[in-house]
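Colleague: Sharing a sequence plus its predicted fold:
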Amino acid sequence: MPEPKLLYCHCQYAQVVPRETKEAVLRSLCEAGVDFEAVADLCEMAARKDPALARLSACGALKIAACFPRAVKGLFHQAGSDLAIESTEVLNMRTESAEQVAERALAPDLQPNVPAGKETIQIPTPA
Amino acid sequence: MALAATALHIHLYEGPDAVPLSADERFATLTALLERGYTVARTSSTSPSEGRSVTFARSGQGARDITGLTPTQVADLAETARTELDAATHGGWKPWFPVIDYDRCTNCMQCLSFCLFGVYGVDGDSRIQVQNQDNCKTNCPACSRVCPEAAIMFPKYKSGPINGDLVSDADLSREKMKVDISALLGGDVYEMLRLRSQKAQSRFGKERDSDKALAERQKCLVKLAQAGDIPVEVLMSLPSPDEIARRAEEAKAKAAAALAANGKSSA
Ligand code: SF4
Ligand code: SF4
């Protein structure tokens, strides 16, 4: 597997990703001195079917710092650029801390986590 | 529509023949560009380029020189490049639209027959598709609530599973509410309005019936707003009862045609 490419989403047009989290993640990437791509809003890019999404989805190993893996998978699909399940890791800035996201983003390995199919979780009903 | 234009891509080149930015400068520059809606690749090698793109660097060969510029000035330079290259503008539209989880979708067409704004359509294989993202009403997640499979996501929604979080069995068992809402806006109301306008014979009768119909619609919409957190602005911007009835018929016909092509019935 090639060295993973990094894609960071700034979620510019909504307040759903905590500002401190996205800023701290962006700062970590800048401090690490690595190459990465930063997009203002992945949702907008997907709506425009931006050609960069096709290149990224076909790059062989991709880490995306954005939001829920199921949403990111759907956005790429809707843009006509399906993500490769076996070589994509989505880091969720809505639910994980900036430290967790930055650590995974900069780690040399890749832990694929995009859902491969339909998943429904069971929530136990209170007794 | 604005979405047809290609977005500008900026390469922030920091390779061997350019003076690198400090981490603080890099962060401030990227932040200024992202806040204006741009896509930026921080790169130390020759970058891939697609669509409309421009390279910024401190003294990099063939790049626009950003030596001595503040982050705001770099963002202004990007704006100049955007205008020159006739690339897309950003910020005029909140990217709010449904995203279908095809692992869950059963192609039942309920979303297509429900939506009054032509957001949904079908592809060449009669498969449901989101076609007109920018027709969607900002902050309105109503169609996600009529989907029996919880297959419609709005990534910018506040909570799960609509925001893309995992779907639980409890989410699926909320189907009853979904069906009620569907009946409220997708079927009964339209049907009732249509029948009433047909029945209206006299001028006075017409006035009375349309008053009643409007009051009924109001009641249904309030109920819908309470059940499904539909923003008031969206409810207020709904078209007239006749126009709703016309659009609902149109959407229903589209859905029926797609179901027929798939060998399913729309009953
Ligand atoms: S992909 Fe997620 S993080 Fe990115 S803009 Fe859309 S909702 Fe925000
Ligand atoms: S309502 Fe849900 S399952 Fe039915 S076609 Fe729409 S997205 Fe698919």
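Modeller: Nice, thanks for sending it over. Here the structure is a predicted model, which means the values were calculated and not measured. Numbering: from 1, shown residues only, chains lettered A, B, ... in the order given. Ligands and ions are numbered 1, 2, ... in the order given.
Colleague: low-confidence ranges in the chain?
Modeller: Just so you know, I chose chain A. Scanning chain A with the threshold set as pLDDT under 70 gives A:125-127.
Colleague: switch to chain B, that's the one I care about
Modeller: Short version for chain B, where the test is pLDDT under 70: B:1-2, B:47-49, B:175-229, B:235-236, B:241, B:265-267.
Colleague: Smallest gap between it and chain A, at which residue?
Modeller: In chain B, no residue comes nearer to chain A than residue B:164, which is 2.7 Å away by C-beta to the nearest C-beta. For every residue, glycine as well, the C-beta is placed using N, CA and C.
Colleague: For the closest residue to that residue other than its chain neighbours, give me phi and psi.
Modeller: Once flanking residues are discounted, residue B:164 sits nearest to residue A:71: 2.7 Å by C-beta to C-beta, 6 or more residues apart in numbering or on different chains. Dihedral pair for residue A:71: phi -70, psi -40, per degrees, to the nearest 10.
Colleague: list the contacts for residue A:71?
Modeller: By C-beta atoms under 8 Å, 6 or more residues apart in numbering or on different chains, the contact list for residue A:71 reads B:99, B:153, B:155, B:163, B:164.
Colleague: In those, find the pair that's most separated.
Modeller: Taking C-beta to C-beta, the two most distant members of those are B:99 and B:163; they sit 10.2 Å apart.
Colleague: Pick out whichever of the two has more residues nearby.
Modeller: residue B:99 (27 against 20; other C-beta atoms under 10 Å in any protein chain shown).
Colleague: beta partners of the more buried one?
Modeller: According to DSSP bridges, the partner residues bridging residue B:99 are residue B:153.
Colleague: how near is it to ligand 2?
Modeller: From residue B:99 over to ligand 2 the distance is 10 Å, taken as C-beta to the nearest ligand atom, to the nearest Å.
Colleague: residues from chain A in reach of ligand 1?
Modeller: Contacts of chain A with ligand 1, taken as C-beta under 6 Å from any ligand atom, map to A:9, A:11, A:14, A:16-17, A:41-43, A:66-67, A:71-72, A:75.
Colleague: Just give me the neighbour total for the residue of chain B closest to chain A.
Modeller: Using other C-beta under 10 Å, residue B:164 has 27 other residues around it.
Colleague: again with residue A:76
Modeller: Residue A:76 has 25 nearby residues by other C-beta under 10 Å.
Colleague: cool, and residue A:1?
Modeller: Residues near residue A:1, counting by other C-beta under 10 Å: 9.
Colleague: Run through the neighbouring helices and strands of the longest helix seen in chain A.
Modeller: If you go by DSSP state H, chain A has its longest helix at helix A:19-32. When contacts are defined as 3 or more C-beta pairs under 8 Å, 6 or more residues apart in numbering or on different chains; DSSP states H and E, helix A:19-32 packs onto strand A:5-9, strand A:36-39, helix A:98-106, helix B:23-35.
Colleague: Using CSV, lay out these together with mean neighbour count.
Modeller: Converted to CSV, the helices and strands packed on helix A:19-32 look like this (neighbours: other C-beta atoms under 10 Å in any protein chain shown):
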stretch, mean neighbour count
strand A:5-9, 24
strand A:36-39, 24
helix A:98-106, 18
helix B:23-35, 19
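Colleague: With distance to ligand 2 added, can I get these in CSV?
Modeller: Listed next are the helices and strands packed on helix A:19-32 as CSV, based on distance: least, C-beta to the nearest ligand atom, whole Å:
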stretch, distance to ligand 2
strand A:5-9, 24
strand A:36-39, 26
helix A:98-106, 30
helix B:23-35, 31
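Colleague: Export the ones you listed as JSON lines, with columns for distance to residue B:127.
Modeller: Output for the helices and strands packed on helix A:19-32, formatted as JSON lines (distance: least, C-beta to C-beta, whole Å):
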{"stretch": "strand A:5-9", "distance to residue B:127": "27"}
{"stretch": "strand A:36-39", "distance to residue B:127": "28"}
{"stretch": "helix A:98-106", "distance to residue B:127": "34"}
{"stretch": "helix B:23-35", "distance to residue B:127": "34"}
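Colleague: Ok, which of these comes nearest residue A:56?
Modeller: Using C-beta to C-beta, those put strand A:5-9 closest to residue A:56, at 6.0 Å.
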